[in-house]
Every structure is written in structure tokens, then in C-alpha cells.
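Engineer: Would you be able to build a 3D model of this:
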Amino acid sequence: MPSKRSTRIAEPLLGGPEGIHLASAGAQFRRGQAYIFAGILGLMTFLALALQGPCLSSGYEQPSASARMCAGPLSMAFLGKVNPEEALGRSQGGMAGLSAIDARFVQLLKLVTDDVSVFMAFVLIINVIAFAALGVALLVLARQRAWLVAAFASPVILFTLGSTLDPVALALSVWAMVIFVGSSPVTQRPWLAGVLLGIAAFINPLALLVLLALSLTGPRPAGRLRPRDPRMMLAAATITSALILVIDSSAIDRIVHWMTDAVDGGSFASILVMARLGTAEVWAPVWIIGSAGVIAAVAISLYMVRRTGLDPAVAACLLIGGCLLLAPGMMPWDSLWILPFLALAVRRWWILITWALAETAFAIAIHLGDVAAIEPDKGLEPVFIALLTLLRLLTLIAVVICAGENLYRRRIRGRLVPVEPPRRVDDVEGKTSGQEHGSST
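Structural biologist: Just a heads-up that it's a prediction; the model follows:
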């Protein structure tokens, strides 16, 4: 009896290719699987809320908030604090470092309450709803759901629930993909997808890469997806962005400020700053230009190969992963953006596990680095933070490579695209005539 590897035997359970003896899952099985995944997402969200519990009772004071892994830009901006200057490789942060919608949200809640715990309670409620909406969108988007556990059980949820409003922007972006694709039972509405992406872009500009991915894949999608015209979506996103700029003119000033204070943890630029090889002001424009160059190169490559069909999730994973690879800052709420598209595009369990471990190690290290900047005798030394950051970036490179590997073979619904050799027309005609002749005799 020929021997098989354990991963080969368990391939159907791990979301691998379907064998000839494997029947398609019925509606009852899929419904039960969705309930299990929803329970896993609920458990991770509950653990994230438990992580925020001690800080809710203590008022998010530093350095205890960082030591307990529950500090974030929103809580610090509400308290009027910034990151310590001694924290090498970190941006200044504060209210000026927030996105346009994040800043308006903080200012609005300041009119309601002066208690940071009450403010963060609102943030946690909103982000819990956002993660629930994200989970529903993924279940609608993916028909083969086995690998979605990588997104539902991701430790990134633990460290981003109380940081920013990025879970809201990510949920809007994934729902925009669902609406644009028109995955059953959702009706296709490109204009609504554009509105959602236009709003999400003012929470985190990475939503623009999702817009770019849908624009590239719309005319020539992979698998059984129908072609979509992205012009209505682009027009709606442009109008929405223009309206937000008119309502909130500070968005342009925040973009200018971000250009000068872009170097943050998790990037190659932050490693150079921690090693005292230049300053953040010197490296910020260099890495911004490099990141923009990678986005342009990936977009051109996707455009050149889209005749064979593009998977929207794979395209988004490649664009976001390429952007974050050379971005001047890559904090946990930034890497949260690659999570759903990673689960849809990459089917290698060891990559998903390695990415989860790398994100966990970095999230803990960056918080302990902030503690060391406030109390030098505590926390983690910059050399260890730089090492964990480098390992995380190497894992991101592996993620991008695996996503690119699936560029031709994967559909958004998770099955393999059958690849057959081309057949000559005269062979087909000859075979048909031979069958007809045989039947007549």
C-alpha cells in the first residue's frame, strides 16, 4: 500500500483540492461550519475584550496600558498624549497622527464625555460590531470555508480591537468586495461598493488598494465570476472622497503631517532609525517612494496577466502585502488589512501559522518597547524589537510569494481553476466524425 503524507491525507479537511471521491458539502454542513467559525470569532473577540478590561478600570495610563497590551492611538489621542521621544523607530502619534475619521470620532466623543474608559467602551462596541460584519462578509464571499479559520482565530484581533477604527474600515472594504462581485445572496451594486471604499479610505488609505484590486479584476475575473465594469464604483468612490474633503478640510493637513511623521514600528525604516542610521525625517520620503513603486509594479504586473482571469482576493493580498513590505510604518492595525485576503488567497497552513506567530510576537514586542522608553529598567530592548520586526517582514515576503503562486489557480470561491491543454479544432472535428461514422455502421 503506497504511503502518503499526513498533510495529503488531511488535505480535504485543510481546504486543499477536492478529490474524485469527495462529495460537495451540503447546506446543512456549511451552516454548521459557519456557526463554528462564528463561535471562534466570538471567542477571540471576547478574549480581546478581556485584554482591554484592566485598562478600562485603570484609565489607560502609561506605561501600564502598554505593559497590559491595550494601549492604542485612539486612547492616547483622547488623553492628549503622544509616544515618548525615547521610543526609537516610533512615530509621534497623538491627535495629529490620526486619520480624518478617527480624529473626528475622538472630537465628537469628547463633547459627550471626558472619561477615557467611557470613550473606549464606545470604541470597543463599534469594533466588535465591525469584526462581526467582517466575519459575515467572509462567509458570504468564500464558499470553501475551511481556511477562513485563519482569519476568525487570528491573534491580530486581540491587539487591534481597541487601537483604531481600522476594523470598521476593513469590514467596509470586504463588504465592498462582496457587493461588487455580487456573490449570492447579495445583489451587485458597484456604486455602493465605491461609497463604502471611499469612506474606508479616510480611516486607512489601504482601502484604496482594495479599490485598485477590484478595478483590475472586474473586467476579467477568475473562475465563474461574471465580468464587472468598475467605472461606476470608481465614480462613486471619487464623489464620496470629494464630499468628505469638503466636509473635513483637515484631511489634507493630516496627509501632509503623515508624510513627515510616517516612520513607525514594524518597518525596515524603523529598524534603521532604531540602529541610529539616519532619522525619521530622512527615511520617510525614501520608503514612501519605494512603497509607491512596489504598488505600481504589482498593479502593472496584474494588468499584464489579467487576460487569464484575476482573483480579487489574490490581487488585494498582493497589493496590500507589497505596500506594507516597504511602507515606513507597519503597526498591527495595518497588518490587519491583509488578514482576510490572506485567508482567501493562501492555502498553506504553515504560512498562516507562521504569520500568526510573527504578528503575536511583534505586537507584544512593540508594546514592551514603549514601556522601555518610559521606564528604561523595564520593557524590551530595541535590538530585540528590531529582530522580531525583521522576522515579521520576512514572513510577509513569504505571504506575498504564496499569494502570487495562486494568481492563476485560485478563484475567490476557493476551488482550483481546471487547467487543460489546448485542443486542436481539427482533432475535435475528426473525433466527432469518427463517432458519427461508427454509429451509422
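
Engineer: Can you name the residues that contact the spatially closest residue to Arg306 that is not a sequence neighbour?
Structural biologist: Counting by C-beta to C-beta, 6 or more residues apart in numbering, Arg220 is the residue found nearest to Arg306 once chain neighbours are left out, at 4.7 Å. Bear in mind the C-beta positions are built from the backbone N, C-alpha and C, glycine included. Listed by C-beta atoms under 8 Å, 6 or more residues apart in numbering, the contact set of Arg220 reads Pro227, Arg306, Arg307, Thr308, Gly309, Leu310.

Engineer: of those, closest to Leu161?
Structural biologist: Comparing the contacts of Arg220 against Leu161 with C-beta to C-beta places Leu310 closest, at 32.3 Å.

Engineer: so what's the backbone phi/psi at the closest one?
Structural biologist: In terms of degrees, to the nearest 10, the main-chain angles of Leu310 are phi -120, psi 140.

Engineer: repeat for Pro221
Structural biologist: Main-chain torsions, Pro221, degrees, to the nearest 10: phi -80, psi 160.

Engineer: which residues does it bridge with?
Structural biologist: In this structure, Pro221 bridges to Leu310 when assessed by DSSP bridges.

Engineer: In which helix or strand does Trp333 reside?
Structural biologist: According to DSSP states H and E, Trp333 maps onto helix 332-335.

Engineer: So what's the gap between that helix and the chain middle?
Structural biologist: Offset of helix 332-335 from its chain centre (C-alpha atoms, centre = their mean, to the nearest Å): 8 Å.

Engineer: Tell me the buried residues in that helix?
Structural biologist: Using 16 or more other C-beta atoms under 10 Å as the test for burial, helix 332-335 gives Pro332, Trp333, Asp334, Ser335.

Engineer: Quick check: next helix or strand after it?
Structural biologist: Downstream of helix 332-335, the first helix or strand assigned by DSSP H and E is helix 339-345.

Engineer: Name the residues that touch that following helix?
Structural biologist: Under C-beta under 8 Å, 6+ apart, the answer for helix 339-345 is 134, 137-138, 141-142, 147-151, 154, 156, 170, 174, 311, 313-314, 316-317, 320, 352, 355, 399, 402-403, 406, 410, 412, 414.

Engineer: Next one: Val118 from Lys110, what distance?
Structural biologist: Distance of Val118 to Lys110, computed by C-beta to C-beta, to the nearest Å: 11 Å.

Engineer: Give me the neighbour count for Phe384.
Structural biologist: For Phe384, the count of nearby residues is 15 (other C-beta atoms under 10 Å).

Engineer: Ok, Gly32 next?
Structural biologist: Neighbours around Gly32, by other C-beta under 10 Å: 12.

Engineer: Report whether the expected contact of Trp147 with Ile353 is present.
Structural biologist: No. The pair Trp147 / Ile353 is not scored as a contact, 11.8 Å apart, by C-beta atoms under 8 Å.

Engineer: Can you tell me how far Arg104 is from Pro219?
Structural biologist: Computed as C-beta to C-beta, the Arg104 to Pro219 distance reads 36 Å.

Engineer: Just the buried residues of whichever helix or strand Val118 is part of, please?
Structural biologist: If you go by DSSP H and E, Val118 is part of helix 116-141. For helix 116-141, the neighbour count (16+ other C-beta under 10 Å) marks 116, 119-120, 123-124, 127-128, 130-141 as buried.

Engineer: other SSEs contacting that helix?
Structural biologist: If you count contacts as 3 or more C-beta pairs under 8 Å, 6 or more residues apart in numbering; DSSP states H and E, helix 116-141 packs onto helix 27-58, helix 73-79, helix 100-110, helix 149-152, helix 166-181, helix 339-345.

Engineer: before we move on, the earlier item: return the per-residue confidence for the residue nearest to Arg306.
Structural biologist: Note for Arg220: predicted pLDDT of 83.

Engineer: ok, back up a step: the helix holding Val118 vs helix 27-58, what angle?
Structural biologist: Here helix 116-141 runs at 170 degrees with respect to helix 27-58, directions being taken by axes from the mean of the first three to the mean of the last three C-alpha atoms, to 10 degrees.

Engineer: what's the offset of helix 116-141 from the middle of its chain?
Structural biologist: The chain centre lies 15 Å from the centre of helix 116-141; the measure is C-alpha atoms, centre = their mean.

Engineer: And the average pLDDT for the helix holding Trp333 is what?
Structural biologist: Helix 332-335 shows a mean pLDDT of 94.

Engineer: Now do it: everything it contacts.
Structural biologist: For helix 332-335, contacts defined as C-beta under 8 Å, 6+ apart pick out 72, 156, 159-160, 163-164, 166, 204, 206, 266, 324, 327, 359, 362-363, 366, 396.

Engineer: could I get it in PDB with only the CA atoms?
Structural biologist: Provided in PDB are the C-alpha atoms of helix 332-335 (Å, rounded to 0.1, in the frame of the first residue of the first chain):
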ATOM      1  CA  PRO A 332      -0.700  45.700  13.900                       C
ATOM      2  CA  TRP A 333      -3.700  47.600  12.700                       C
ATOM      3  CA  ASP A 334      -2.000  48.000   9.300                       C
ATOM      4  CA  SER A 335      -1.300  44.200   9.000                       C
END
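
Engineer: got the buried residues for the helix or strand where Leu396 lies?
Structural biologist: Per DSSP H and E: Leu396 is located in helix 382-405. Under the neighbour-count criterion of 16+ other C-beta under 10 Å, helix 382-405 has 382, 385-386, 388-389, 392-393, 395-396, 398-400, 402-404 buried.

Engineer: Figure out how far it is from the centre of its chain.
Structural biologist: Relative to its parent chain, helix 382-405 has a centroid offset of 15 Å by C-alpha atoms, centre = their mean.

Engineer: elements contacting it?
Structural biologist: Using 3+ C-beta pairs under 8 Å, 6+ apart, the elements in contact with helix 382-405 are helix 268-274, helix 312-326, helix 339-345, helix 349-374.
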